[in-house]
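Peer 1: Predicted structure and sequence below. I'll ask about it afterward.
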Amino acid sequence: MTTENVPSKPLRSKMATKEQGDKHKESEQHQREKVNTFIREQVIHLLGKPVNLLKVQVRSLWDNNFRVNVVIGPDIVSGKVANSYFLASDSDGHIVTSIPRITKQY
């Protein structure tokens, strides 16, 4: 019996595995961005839209916990954090708790 007649195990392509991993990372990143965008929308809806709103930063801390900063100012150089919240959300991004509580201010 020669080695030519022995069926070899199919080799998994490292490239295919890497591409699958990249697609999974892209999918996770897309899901995180969707959740972050939804959290931004909820915060502005509850808080109101401040004058000179520059951005609403959403920083993931762990699991479904976030730090959200509402940054205002005439430009990014002189922007300041007007409101800051520690949030917990469900897996879809619905805000469950907020410290401090988000109230209508604008």
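Peer 2: Yep, it's here.

Peer 1: switch to C-alpha atoms for all contacts and neighbour counts from now on
Peer 2: Will do.

Peer 1: ok, Val70 - contacts?
Peer 2: Residues in contact with Val70 (CA atoms under 8 Å, 6 or more residues apart in numbering) are 53-57, 81-84.

Peer 1: how about a cut-off of 10 Å?
Peer 2: 40, 43-44, 47, 49-50, 53-58, 79-85 (CA atoms under 10 Å, 6 or more residues apart in numbering).

Peer 1: Would you list the buried entries among those residues?
Peer 2: Buried members of the contacts of Val70, scored by 16 or more other CA atoms under 10 Å, are 40, 43-44, 47, 53-54, 56-58, 79-80, 84-85.

Peer 1: residue ranges with poor pLDDT in the chain?
Peer 2: Filtered on pLDDT under 70, the chain yields the residue ranges 1-21, 24.

Peer 1: ok, which stretches of this structure are helices?
Peer 2: Ranges of helices within the chain are 14-47, based on DSSP state H.

Peer 1: most centrally placed residue in it?
Peer 2: By CA atoms, centre = their mean, the chain has its centre lying nearest to Arg32, at 3.3 Å.

Peer 1: you'd agree that residue is up against Phe66?
Peer 2: No. Checked against CA atoms under 10 Å, the pair Arg32 and Phe66 is beyond contact range at 11.6 Å.

Peer 1: joint contacts of these two?
Peer 2: Ser60.

Peer 1: Give the buried residues for stretch 97-106.
Peer 2: In stretch 97-106, counting by 16+ other CA under 10 Å, buried: 98, 102.
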